[in-house]
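Undergrad: The amino acid sequence is not available; the structure is as follows:
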């Protein structure tokens, strides 16, 4: 076209730049800029933004920032492109610098860009900064939508900043963005993980007041938190509400396994066994297999218990805390210390922390085989994990440790318990 003497105008160059950038011909895009400048055609903001977007899309954010510095006029799209790119790279410092510049120039990021920046702040735990940026964006006229609010509430919930998340949820409601069951579930989960069980129950009741139906995740999360936190009476009440609801447990074992663990943790082993037996009415196959393993362990038929346990795992079964506990004791009594230790690690990995007698069985087993170092390592490991031991953990191997140069370390570990 130019060879024929036809001069392109700004609109022509804009179309060309768009085509080059869509096909990732970024080098040719820069050449086109030079052609425009050589013909004394000043590239407008749209042309620059098109090239900026292509650079950021291809991970060349630094080069995009340099190009931005050449621009005579910036607009909100310019900042949206670069702030989003820095957020994608989790380069929080540069994202904040550009946001500050954007606001100072009177531009306001769109809801997508604003949400991304707030998410990055949440991810690194900058709670105060997140709330401050949120307030500033809204004061400048930015209106966050329901998706943005829910995203932030969930992020705060997962960070354990439940009170901040709850305040944001209330603010969200005041602005007409109604939360759903998933938003509340995240906050309930955060409460349980932070051991704020009273607030978790308040949120549970608040859901009913607001007309939000509880679902299985609500029940499962709250029952687990209450029972793990020693609030068995409250846990049983939620189980009762769950069973009376239309949805119920949906044929899932996890809420009942949480009750079992709560009873086990309180050392109410007879009550735990009785509860598991009652569970047989709802889950006859799973409970029947668990009782079979317990019976084999009590009979000393460890090989049979081991095979049956492997069969259950192979079929996708999930052992409860009583199965783990009985098998560990059985393995220790049978001298299968490696298997017992691996099973205990698996048990802890499932969120079940063994009682002191279970540790004692492992320690005694190690000592019977002269594995004092392994016993000491187990003590150290369990103390780090926050597990509680008792004097019974010390007696079986105290005599083996005396005179081996590790007595002081033994006493140090015991004082931590």
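TA: Nice, I can see it. For clarity, every value in this text was computed on a predicted model and none was experimentally measured. Residues are numbered from 1 along each chain as shown.
Undergrad: tell me, which helix in the chain spans the most residues?
TA: Taking DSSP state H as the assignment, the helix of the chain that covers the most residues is helix 284-299.
Undergrad: can you count the residues close to residue 168?
TA: Other residues within reach of residue 168 by the criterion other Cβ atoms under 10 Å amount to 24. For glycine as for every other residue, the C-beta is placed from the backbone atoms N, C-alpha and C.
Undergrad: Name the residues that touch the helix or strand harbouring residue 256?
TA: Under the criterion of DSSP states H and E, residue 256 resides in helix 254-265. Among residues not part of helix 254-265, those counted as contacts by Cβ atoms under 8 Å, 6 or more residues apart in numbering are 219-220, 223-224, 226-228, 230, 232, 235-236, 239, 242, 249, 269, 271-272, 275-276, 279, 282-283, 318, 320-322, 325, 351-353, 355.
Undergrad: swap in stretch 100-118?
TA: 74-76, 79-80, 83-84, 87-88, 95-96, 99, 130, 133-134, 136-137, 140-145, 147-148, 151-152.
Undergrad: Which of the residues you listed fall within strands?
TA: Judged by DSSP state E, the contacts of stretch 100-118 include no members of strands.
Undergrad: Filter those down to the buried ones and express that as a ChimeraX selection.
TA: This is how ChimeraX selects the buried members of those, with burial counted by 16 or more other Cβ atoms under 10 Å:
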select :74,79,80,83,84,87,95,96,99,130,133,134,137,142,144,148,151,152
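Undergrad: before we move on, back to that, got the buried residues for the longest helix of the chain?
TA: Burial within helix 284-299, assessed by neighbour count using 16+ other Cβ under 10 Å, is assigned to 286, 287, 289, 290, 291, 292, 293, 294, 296, 297.
Undergrad: same check, this time on stretch 17-31
TA: Taking 16+ other Cβ under 10 Å as the neighbour-count basis, stretch 17-31 is seen to contain the buried residues 17, 18, 20, 21, 26, 29.
Undergrad: The first one reaches residue 29, doesn't it?
TA: What that stands for is residue 17. Yes. With contact defined as Cβ atoms under 8 Å, residue 17 counts as touching residue 29 (5.9 Å).
Undergrad: overlap in contacts of the two?
TA: Shared contacts of residue 17 and residue 29, defined by Cβ under 8 Å, 6+ apart, are found at 50, 51.
Undergrad: list the contacts for residue 335?
TA: Counting by Cβ under 8 Å, 6+ apart, the residues that residue 335 touches are 365, 368, 369.
Undergrad: again, only this time at 10 Å
TA: Under the criterion of Cβ atoms under 10 Å, 6 or more residues apart in numbering, the contact list for residue 335 reads 302, 365, 368, 369.
Undergrad: what are the phi and psi values for it?
TA: Geometry field for residue 335 lists phi and psi as phi 80, psi 10, criterion degrees, to the nearest 10.
Undergrad: hmm, back to that, between the helix holding residue 256 and helix 284-299, how many degrees?
TA: 30 degrees (axes from the mean of the first three to the mean of the last three Cα atoms, to 10 degrees).
Undergrad: Could I get the buried residue list for helix 254-265?
TA: Applying a neighbour-count criterion of 16+ other Cβ under 10 Å, the buried positions in helix 254-265 are 255, 256, 257, 258, 259, 260, 261, 262, 263, 264, 265.
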